[in-house]
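S.K.: with the sequence up front, the predicted model follows.
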Amino acid sequence: MRGYEIMTIHRPDLTEDDVEAKITELESYLSDSGVTVTKRDLWGKRRFAYEIAHMSEGFYSVLSVQAEPGAVDSIDRMLTLTDEVVRHKIVRPGE
């Protein structure tokens with residue numbers, strides 16, 4: 001298994017409780033896919049450097065996970081299709 005960080009930006013019109021629920025849904029999806037979440041870091045609402053789809057802020061979160069390389073593709077696809085996620089990025093720390 002390899003270490004990855006999954007950063008997500010959720011829509012600003014959600015409440016903090018809604019964002020928390022969406023992160024919990026993501027964590028349950030990850031555990032069902034055989035991915036282990038090692039750290040959860042919620043950054044809260046932050047302003048963007050530039051507008052994305054007419055939005056100037058969003059809720060940031062970072063999950064540190066241990067996953068097989070094949071599982072990352074399905075995670076990427078799921079986050080791309082999720083309407084509440086404005087942007088996401090999956091990286092291997094240190095590379």
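M.R.: Structure received.
S.K.: for stretch 44-59, the distance to its chain's centre please.
M.R.: Once both centres are worked out by Cα atoms, centre = their mean, to the nearest Å, stretch 44-59 turns out to sit 15 Å from its chain's centre.
S.K.: so Leu14 makes contact with Glu84?
M.R.: Yes - with contact defined as Cβ atoms under 8 Å, Leu14 counts as touching Glu84 (6.3 Å). To be clear about C-beta, it is placed using only N, CA and C from the backbone, and glycine gets the same treatment.
S.K.: in this structure, where is pLDDT below threshold?
M.R.: In the predicted model, the chain carries pLDDT under 70 at residues 95.
S.K.: show me the strands in it, by range?
M.R.: 2-10, 36-52, 55-67, 85-91 (DSSP state E).
S.K.: make a markdown table out of those and add mean neighbour count and distance to Ser74.
M.R.: Shown next, in a markdown table, are the strands of the chain (neighbours: other Cβ atoms under 10 Å; distance: least, Cβ to Cβ, whole Å):
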| stretch | mean neighbour count | distance to Ser74 |
| --- | --- | --- |
| strand 2-10 | 18 | 12 |
| strand 36-52 | 11 | 15 |
| strand 55-67 | 18 | 10 |
| strand 85-91 | 16 | 11 |
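S.K.: can you redo these as JSON lines with distance to Lys22?
M.R.: Putting those into JSON lines (distance: least, Cβ to Cβ, whole Å) gives the following:
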{"stretch": "strand 2-10", "distance to Lys22": "6"}
{"stretch": "strand 36-52", "distance to Lys22": "11"}
{"stretch": "strand 55-67", "distance to Lys22": "9"}
{"stretch": "strand 85-91", "distance to Lys22": "8"}
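S.K.: before I go, just wanted to say thanks for your time.
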